[in-house]
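K.L.:
Give me a 3D structure for the following:
(one chain, ligands or ions: 1)
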Amino acid sequence: MASLLPPSPTTTAPITKHSTLPWTSSSSKPTSLIHFNPPSYKSRRGRPGLCCNSILGNDIPEDFLTKTLHLDESNLLFPVLQYAFSQFEEISSGWPETQSWEVLDSLLGRRNLKTSDFVVGERLGEGSFGVVYSGAIVPKNVSVDDRIRKSPRRLEMDGRFKEKVILKKIKVGTLGAEECGDFEEWFNYRVSRAAPDSCAEFLGSFIADQNSLQFTKGGKWLVWKFEGDRNLADYMNDRSFPLNLEEIMFGRTLQGLDSVKRNALIIKQIMRQIVTSLKKIHDTGIVHRDIKPANLVVTRKGKIKLIDFGAATDLRIGKNYVPNRGLLDPDYCPPELYVLPEETPIPPPEPIAAILSPILWQLNSPDLFDMYSAGIVLMQMAVPNLRSAAGLKNFNTQLKSVGYDLKKWREYTRLKPDLSLLDLDSGRGWDLVTKLIAERGFLRKGRLSASAALRHPYFLLGDDQAAAILSKLSFSK
Ligand SMILES: Nc1ncnc2c1ncn2[C@@H]1O[C@H](COP(=O)(O)OP(=O)(O)OP(=O)(O)O)[C@@H](O)[C@H]1O
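P.N.:
I've put the predicted structure just below:
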């Protein structure tokens, strides 16, 4: 079946739509109607446009009809709705992207977001193209007075605002900010469909319709569900890390184990979640390019969710092909910097990119960009003196001087790193991290992909999973 999955070695060209309706043959089970098409039209802003089909992926009729609406083929509505989707796809392929999104949103039951739906609270941070705030959805029949709007503390205390959100205000008047915001929105729609459990839930966007407090009329806002109070960097800054995540990850204290083993299990569980999420987004063709502890939110249930797709790329349709160097964090960035080699910095025209990109993906394995960053995160988690900003900078300088060869670094460093967690179980953790933090070798391989990493002996010894299952069992008693 045609899909947005990374192409198999034999897949080199995009796949087109069915020319006939699949359910017309009574013997065959209806298959997916919506297939990957090259994005072949230009949107109003002159940027590559998005056909609705590329947004939807290949599973809208099946997933949406069977899982969301609980319809099966025997239901009279099934073919009718399938037909409606196929018509929508035909029609929407010529629309500007925002219009497609709006209709798609209403089809999927997403809210049509507007300024008055939200109250903005505390400012959490500022990136190069946006400012991030916590906030809340204004419940129906609640009027928000100015005292609440002006005081993040009052908002925090007010029990009426239960649905917490994260809002990102895209900077107005900053060069490239609008485009970066549009990219981030697009990638969030993609991952929220393709890998919903791996990423913060994206609620949508709205354009401010008034000038008041933080709102500037005409400015764009992106909105996510609030996933948790702290990110992995917050937990790592605490001296008690990784034990401060033990109860959150496993639901209880891991008994009968010494502290080194407990630490190792917690770190393995975090790392497993990170690599599993990376596998999911890579399987859909997306490279995050900004994997770091601050972009990994920890939910109350101990799930690690990826956030901040502002630097992401999707090579198979040539989206955000060449990153702005300013978007990349040098502390976590692999030596190759760009996802594709610097010799091919200019994206080819869209239809050509669509044809070439599966080949480029195969040749360059751009997903390995994220795997290097994941390796740095593992080193930081496992080695306490690499957790501080200064320790990490020092480590990176030394690593560069030994040609990104972690084994050499271990031989020569004077940092006296405590590598005991990585050396457990015959050094499985150490072996894994040396295969993540590495230069790209022959044919630009030489680093483990997410799926290869998950097959590494470090993860195969599923002691962290066993601990998680055991803790669930003892809770359900
Ligand atoms: N869905 C979410 N749930 C909970 N917290 C979140 C969520 N999204 C973002 N945050 C918090 O807000 C912070 C900033 O978010 P984000 O990284 O997306 O913004 P940014 O503008 O790109 O900032 P930076 O460039 O510093 O990374 C995150 O580190 C995280 O602590």
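
K.L.:
from the stretch 1-150 of the chain, which residue is nearest to the ligand?
P.N.:
G127 (2.5 Å; C-beta to the nearest ligand atom). To be clear about C-beta, it is placed using only N, CA and C from the backbone, and glycine gets the same treatment.

K.L.:
Disregarding flanking residues, what is the spatial nearest neighbour of that residue?
P.N.:
G310 (6.5 Å; C-beta to C-beta, 6 or more residues apart in numbering).

K.L.:
burial of the one you found, as a residue count?
P.N.:
Applying the criterion other C-beta atoms under 10 Å, we find 27 residues in the vicinity of G310.

K.L.:
And for D197?
P.N.:
11.

K.L.:
Give the helix, strand or coil label for the residue nearest to G127.
P.N.:
Here G310 is coil, with the state taken from DSSP: H, G, I helix; E, B strand; the rest coil.

K.L.:
for Y458, same thing?
P.N.:
Reducing the assignment at Y458 to three states with three-state DSSP gives helix.

K.L.:
Spit out the contact partners of it.
P.N.:
The neighbours of Y458, taking C-beta atoms under 8 Å, 6 or more residues apart in numbering as the test, are 268, 425, 428-429, 431-432.

K.L.:
6 Å - rerun?
P.N.:
Contacts of Y458 were listed using C-beta atoms under 6 Å, 6 or more residues apart in numbering, and they are 428-429, 432.

K.L.:
Close to the ligand as well: tell me which of the residues you listed qualify.
P.N.:
Restricting the contacts of Y458 to those near the ligand by C-beta under 6 Å from any ligand atom leaves nothing, as none qualifies.

K.L.:
Just the buried ones out of the residues you listed, please.
P.N.:
Among the contacts of Y458, those scoring as buried are 428-429, 432 (criterion: 16 or more other C-beta atoms under 10 Å).

K.L.:
Show me which residues of this structure sit near the ligand.
P.N.:
Counting by C-beta under 6 Å from any ligand atom, the residues of the chain lying close to the ligand are 124-127, 130, 132, 166, 200, 224, 226-228, 231, 294-295, 297, 307-308, 310.

K.L.:
got the phi/psi numbers for S420?
P.N.:
The phi/psi pair for S420 (degrees, to the nearest 10) reads phi -60, psi -40.

K.L.:
measure it to G375 for me?
P.N.:
Noted for S420: a distance of 18 Å to G375, by C-beta to C-beta, to the nearest Å.

K.L.:
More neighbours: these two, which one.
P.N.:
More crowded of S420 and G375, by other C-beta under 10 Å: G375, with 25 against 13.

K.L.:
would you say that one is within a strand?
P.N.:
No. Inclusion of G375 in a strand is not indicated when three-state DSSP is applied; the result is helix.

K.L.:
Pretty sure it sits against L436.
P.N.:
Yes. Counting by C-beta atoms under 6 Å, G375 does reach L436; the two are 2.8 Å apart.

K.L.:
Using PyMOL, define a selection of the buried residues within the residues of the chain next to the ligand.
P.N.:
Here the buried members of those are turned into a PyMOL selection, burial being counted by 16+ other C-beta under 10 Å:
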select buried, resi 127+130+132+166+200+224+226+227+228+231+294+295+297+307+308+310
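
K.L.:
Just the residues of the chain next to the ligand: which are in strands?
P.N.:
When the residues of the chain next to the ligand are checked against strands using DSSP state E, the ones located there are 124-126, 130, 132, 166, 224, 231, 297.

K.L.:
can you list those in a markdown table and add pLDDT and distance to G446?
P.N.:
Output for these, formatted as a markdown table (pLDDT from 0 to 100; distance: C-beta to C-beta, whole Å):
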| residue | pLDDT | distance to G446 |
| --- | --- | --- |
| L124 | 91 | 37 |
| G125 | 90 | 35 |
| E126 | 90 | 36 |
| G130 | 92 | 35 |
| V132 | 95 | 36 |
| I166 | 96 | 37 |
| W224 | 96 | 35 |
| N231 | 97 | 30 |
| V297 | 97 | 31 |
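
K.L.:
can you map out the helices along the stretch 251-400 of the chain?
P.N.:
Taking DSSP state H, counting those that start in this stretch as the criterion, the stretch 251-400 of the chain contains helices spanning 259-283, 350-364, 368-382, 389-401.

K.L.:
and these, which one's lowest on average pLDDT?
P.N.:
Mean pLDDT per stretch puts helix 350-364 lowest among the helices of the stretch 251-400 of the chain, at a mean of 66.

K.L.:
show me where pLDDT drops low in the stretch 101-250 of the chain?
P.N.:
Along the stretch 101-250 of the chain, the parts satisfying pLDDT under 70 run over 101-111.

K.L.:
Run through the strands of the chain in chain order.
P.N.:
Listed in chain order, the strands found in the chain under DSSP E are 118-126, 130-137, 164-170, 202-207, 220-225, 230-231, 286-287, 296-298, 304-306, 313-314.

K.L.:
Pipe those strands into CSV and attach distance to P196 per row.
P.N.:
Output for the strands of the chain, formatted as CSV (distance: least, C-beta to C-beta, whole Å):
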stretch, distance to P196
strand 118-126, 22
strand 130-137, 19
strand 164-170, 16
strand 202-207, 9
strand 220-225, 11
strand 230-231, 19
strand 286-287, 13
strand 296-298, 14
strand 304-306, 10
strand 313-314, 17
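
K.L.:
To P242, which of the ones you listed lies closest?
P.N.:
With C-beta to C-beta as the measure, strand 296-298 is the member of the strands of the chain nearest P242 (11.3 Å).

K.L.:
elements contacting the closest one?
P.N.:
strand 230-231, strand 304-306 (3 or more C-beta pairs under 6 Å, 6 or more residues apart in numbering; DSSP states H and E).

K.L.:
just to revisit the earlier point, of the contacts of Y458, closest to G403?
P.N.:
L432 (19.6 Å).
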